[in-house]
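# Sequence and predicted structure are below.
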Amino acid sequence: MSKFWSPGVEALTPYVPGEQPRQRMIKLNTNENPYPPAKGVERILRHFDIDTLRRYPDPTSIALREALAHEHGVKPEQVFVGNGSDEVLAFAFRAFFCRSEPLLIPEHTYSFYPVYCQLYGLELKKLPLNERWEVALDQLPADGHGGIAFANPNAPTGHAHERSALQGLLERQRERVVLIDEAYAGFGAESAVPLIDEFPNLLVTGTFSKSRSLAGLRIGFAIGSSELIEGLERIKDSFNSYPLDPIASAAAIASLEDGEHYQRCCKAIMKTRQHTHEALETLGYTVLPSKSNFLFASPSQESAAAAFARLRENGILVRYFDRPGLSDWLRISIGNDEEMKALVDVLRHEPGQ
Ligand SMILES: *Cc1c(COP(=O)(O)O)cnc(C)c1O
C-alpha cells in the first residue's frame, strides 16, 4: 500500500505466473517446451545486425504478419501481433469486452482473464464446466452478455472442442466477440482459424511460447476479421507503438519457416503425453484426456498438495492450484521422456517411504 498509487491499484489481484526457480529443477510447471527452437532461430540470433537496434522497429510488424498469414491461410490484415499473447489478450479485452454487460468465461480457464476484467473494471460471469470437465458450450446464453472468452484446448484441463462444435457456438453468437485462445494449438486440437471468414466476431489468439519453444522472446498473435484486427490496432497504438522488437520478429519468422521442426517437436510431445498419461493411470491417478502439452491429473493415494510437495523435494516442479474445485489436481507439463520418467519414479514411491 502506498499513498502514491492510483485508487484501485491496491485492490488488484495480479496474475501469479508459475515459479521460475533459480536452482536447476525439472520444470514441469509453466508448459514450456522441452525442445529447442528451430535451427533458423539460432542463425538469426548469431548473425543479427546489431546496427539495426539503433532504429525503432516496424510498428506494423508487417513481415511477421505476412509470414503468419501465409502459415494460417489468411490475409495479413487479418493478423495482429503483440508482445506475448498475454498482451494481445489484454488489448482484446480492452477493444471488445469493455461493455455494460458481463463477459462470460468458463469457471476453470486461463486465470489471467479475471485479472484483465478486474483491471478494466469489467463484470464477469463464470459458467461451470460440464461433468466431463469440458467448456459447456451449450450452456452459453445467446445474448445478454458482453462477449465470451475461453481457451481451446482449455487450461488447466487440456480438453479441446472440435471445430464443428465451435462453429455451432458461433452460429448462436452473432452480436458479441467470441475470443478463442489457442495458446495450446499444435498438440492435436483443431484450430478455429478456418471459421474467421464466416464469423466476423471470432477472434483466435495464439503464441510462440508453447509449441514453438520461444516463451523467452514474448511473441503472441491474433487472427480474425480485419474489423477486429483494426480494433486491436487502435488499442495497441494507444498504448505502445512497437510491442515487438526486431530480434523477436526475425526469430518468429525463422520459426515459421521450419514447419518440419515444429511438427517433429509437437509429435514427440504428444507421444510422451500418451506414455505419461498411461503411467499415471497405472499409479491410480485420474487423468483427463489432453490435447495440450500438459496433463491434468488427480492422485488417489495422497492429496495433490502432498504429491506436489514430494515432487518439489525431489527437484521436480509441477503446478498446483490451491483453489476451490482444483485443489485435488496437478497440472503437469509434458517435458522430454527422461523428465517424465523422473516424475513417474518419484510418484511411484508410496508417500512416507
Ligand atoms: C501460456 C498461455 C498464454 C500466454 O502466452 P504468452 O504468449 O507467453 O503470453 C495465453 N493463454 C493461455 C491459455 C496460456 O496457457
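In hand now; what should we look at?
# Go ahead and confirm I229 touches F221.
No: taking contacts as C-beta atoms under 8 Å, I229 lies outside contact range of F221: 10.3 Å. All C-beta atoms are positioned from the backbone trio N, CA, C, and that covers glycine.
# where along the stretch 201-350 of the chain do the helices fall?
If DSSP state H, counting those that start in this stretch is used as the criterion, the helices of the stretch 201-350 of the chain fall at 226-236, 246-257, 259-282, 304-313, 337-348.
# quick one, the fourth one and helix 337-348 angle?
Taking axes from the mean of the first three to the mean of the last three C-alpha atoms, to 10 degrees, one finds helix 304-313 and helix 337-348 inclined to each other by 130 degrees.
# likewise the longest one?
Between the axes of helix 259-282 and helix 337-348, defined by the same axes, to 10 degrees, the angle is 10 degrees.
# Buried residues in helix 259-282, which are they?
261-262, 265-266, 268-270, 272-273, 276-277, 279-280 (16 or more other C-beta atoms under 10 Å).
# which other helices and strands contact that helix?
Where contact means 3 or more C-beta pairs under 8 Å, 6 or more residues apart in numbering; DSSP states H and E, helix 259-282 is packed against strand 286-287, strand 294-298, helix 337-348.
# and the angle for it with helix 246-257?
Using the same axes, to 10 degrees: helix 259-282 against helix 246-257 is 80 degrees.
# can you list contacts of helix 259-282?
33-35, 38-39, 186-188, 211-213, 255, 287, 289-290, 293, 295, 297, 332, 334-337, 340, 343-344, 347 (C-beta atoms under 8 Å, 6 or more residues apart in numbering).
# PyMOL command to pick out the buried ones of the residues you listed?
With 16+ other C-beta under 10 Å as the criterion, this PyMOL line picks the buried residues out of the contacts of helix 259-282:
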select buried, resi 33+34+35+38+186+187+188+211+212+213+255+287+289+290+293+295+297+332+334+335+340+343+344+347
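# which parts of the stretch 201-350 of the chain sit against the ligand?
Taking C-beta under 6 Å from any ligand atom as the test, the list of the stretch 201-350 of the chain residues beside the ligand reads 207, 209, 215, 220.
# Now do the nearest residue to the third one once chain neighbours are set aside against I219, distance only.
Looking back up the chat, that one is A215. What sits nearest to A215 in space, not counting adjacent residues and going by C-beta to C-beta, 6 or more residues apart in numbering, is S209, at 3.8 Å. As judged by C-beta to C-beta, to the nearest Å, S209 and I219 stand 8 Å apart.
# so P194 makes contact with R163?
Yes: proximity of P194 to R163 meets the contact threshold set by C-beta under 8 Å, at 7.0 Å.
# show me the contacts for H145.
Contacts for H145 (C-beta under 8 Å, 6+ apart) come out as 101-104, 125, 176.
# With V193 instead?
Contacts of V193 by C-beta under 8 Å, 6+ apart are 72-74, 182, 204, 223.
# picking that back up, mutual contacts of I229 and F221, please.
79-80.
# And the two? Which one has more around it.
More neighbours surround F221 than the other of I229 and F221, with 25 against 21 (other C-beta atoms under 10 Å).
# could you pull out the strands for the stretch 51-200 of the chain?
79-82, 103-106, 124-127, 147-151, 178-181 (DSSP state E, counting those that start in this stretch).
# Distance check, the spatially closest residue to P299 that is not a sequence neighbour against M25.
Of all residues beyond its chain neighbours, the one nearest P299 is A307 (4.9 Å), with distances taken as C-beta to C-beta, 6+ apart. Separation of A307 from M25 (C-beta to C-beta) stands at 16 Å.
# what residue lies at the spatial centre of the protein?
Taking C-alpha atoms, centre = their mean, the centroid of the chain lies closest to A183, which sits 3.3 Å from it.
# nearest residue to it other than its sequence neighbours?
Nearest non-adjacent residue to A183, counting by C-beta to C-beta, 6+ apart: T207, 4.9 Å away.
# one step back: is it possible to get CSV of the helices and strands packed on helix 259-282 that adds mean pLDDT?
CSV is the format used below for those (pLDDT from 0 to 100):
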stretch, mean pLDDT
strand 286-287, 98
strand 294-298, 98
helix 337-348, 97
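# follow-up on the earlier one: how about the strands of the stretch 51-200 of the chain in a markdown table, adding distance to the ligand and mean neighbour count?
Shown next, in a markdown table, are the strands of the stretch 51-200 of the chain (distance: least, C-beta to the nearest ligand atom, whole Å; neighbours: other C-beta atoms under 10 Å):
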| stretch | distance to the ligand | mean neighbour count |
| --- | --- | --- |
| strand 79-82 | 8 | 27 |
| strand 103-106 | 11 | 24 |
| strand 124-127 | 16 | 16 |
| strand 147-151 | 4 | 25 |
| strand 178-181 | 5 | 26 |
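# and the stretch 1-150 of the chain, which of its residues are near the ligand?
84-86, 110.
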